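S.K.: the following comprises the amino acid sequence and a computationally predicted model.
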Amino acid sequence: MQTALLSLRRIRPVPWFGALVDAEDVLVECLGAQLHEVDLAAARWARPPLASAHLHRLLAAARLARPHRIVRPPVAPDLLVVLANDLHDLAVLPGLPGWDAGADTVIVHAADVNERDLQLYPDVVHHLRRHVDVLLTCIESTPLQRLRSPRLRTIEVIGGLLDVLAFPSRPDAAGRPIDVVNLGRRSRQQHVLLQRWVDETDGFYLYDTGYLGSLHSLPEHRRLYTGVTSRSRVFITNYAAVGDPRRGFPAGEVGLRFYEAMAAGCVLAGDLPTASRTYQALIAPADPIPFTTGAPSLPEELLAVLADPAEQQRRGRAARALALRHLDMAHRWKDIAAVAGLPSSAAIDARITELARLASSAGELAHDR
């Protein structure tokens, strides 16, 4: 079976897309998947005043122009897979005639599908119902069964997509000089408490000082991100979209940072989506520390871990072992194949076997005190 990936990597140079590129690369390696890359149709679309993704989408939706093209090999695939963050990413599809390449089966993964986006992108929803066989998401609280159609029969919730091996293994505390890392969207109250802790202890607290938009290089940013997080001891992991009520789902969703924190071998601490089935199945075994966004002070459990390098090391190694056993893109592909009725892959199975071997080593280290 010939598999192809319709990749948006050339037109989505934003920080959160790096994990999806890593996941695509795992499928290219393990499935021998072709890359069908969406790109700008001409250089003029990259120059002002035309250099606007929003403008590109509007022009394409109105059929006034075709700002994008697909760079792909001539062989038609049997299976086409699209990995995206949300409906905003997928808004490029209606302006790309023939994007599905005549594939017998089309699978789309949109990690974040929320009520706001369903209202903002009705054309994308209509397009998915006509052209997609299987729709996958990480969001549990958005009722998506109403999107079913004669073609779109399968809609499922799965875990986040991640290449666990993209995060370097650093099992010893000596290789982790950063005490706490808190990247991306954050809680103001948690941030204030952590800054106060730094003033009192001279700890090393790393956080973003501004919003990072477009990137010069997705691979370069991803290497920096995985390098920083794998050199950290505690990773602040709040429920998805903390502080952003516009996203349209309750504070009960598991964001990608939970998976990344475990892959990086960090201790997890944050406002936890404990009601989530995904959280209970995949994240809770890592024993995250509850640290609510409205906490009046740092939790005693977190303070104790910050003061105990041996405990940091034990918890971090255990989290890494769990990630190797359960959170890799190879594990998610097994889930996807089961949902879509696809045949098994020997290369995917071999990767899972190797991940399990690495997890056994990490697990043994976690129990050394």
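M.R.: Cool, got the structure.

S.K.: so where's the stretch 251-369 of the chain uncertain?
M.R.: Applying pLDDT under 70 to the stretch 251-369 of the chain flags residues 251, 363-369.

S.K.: can you give me the helices in it?
M.R.: 256-263, 277-278, 300-306, 309-326, 329-340, 346-366 (DSSP state H, counting those that start in this stretch).

S.K.: mind listing residues that contact the longest one?
M.R.: Helix 346-366 is contacted by residues 26, 29-32, 164-165, 169, 171, 265, 314-315, 317-318, 320-322, 324-325, 328, 330-331, 333-334, 337 when judged by Cβ atoms under 8 Å, 6 or more residues apart in numbering. Placement of C-beta: from N, CA and C, glycine included.

S.K.: please, a PyMOL command that selects the buried ones among those?
M.R.: Those of the contacts of helix 346-366 that count as buried under 16 or more other Cβ atoms under 10 Å are selected in PyMOL with:
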select buried, resi 26+30+31+164+165+169+171+265+314+315+317+318+320+321+322+324+325+328+330+331+333+334
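
S.K.: what residues of the strand or helix carrying D123 count as buried?
M.R.: For D123, the enclosing helix or strand under DSSP states H and E is helix 122-131. For helix 122-131, burial by neighbour count (16+ other Cβ under 10 Å) applies to D123, V124, V125, H127, L128, H131.

S.K.: same check on stretch 13-32?
M.R.: 13-28, 30-31.

S.K.: measure the residue lying farthest from the centre of the chain to L194 for me?
M.R.: Distance to the chain centre peaks in the chain at E200, reaching 34.5 Å (criterion: Cα atoms, centre = their mean). According to Cβ to Cβ, to the nearest Å, E200 stands 11 Å off from L194.

S.K.: next one: P343
M.R.: P343 is 48 Å from L194, by Cβ to Cβ.

S.K.: between these two, which one's more packed in?
M.R.: Using other Cβ atoms under 10 Å, the more surrounded residue of P343 and L194 is L194, with 25 against 6.

S.K.: if I look at that one, what pLDDT would I see?
M.R.: With respect to pLDDT, L194 scores 98.

S.K.: how about the contacts made by the nearest residue to it once chain neighbours are set aside?
M.R.: In space, and not counting its chain neighbours, L194 is closest to Y205: 5.2 Å by Cβ to Cβ, 6 or more residues apart in numbering. For Y205, the contact set (Cβ under 8 Å, 6+ apart) comprises I178, D179, V180, N182, L194, Q195, W197, V198.

S.K.: go again with 7 Å.
M.R.: Neighbouring residues of Y205 by Cβ atoms under 7 Å, 6 or more residues apart in numbering: D179, V180, L194, Q195, V198.

S.K.: partners of it in the sheet?
M.R.: For Y205, the beta-bridge partners are V180 (DSSP bridges).
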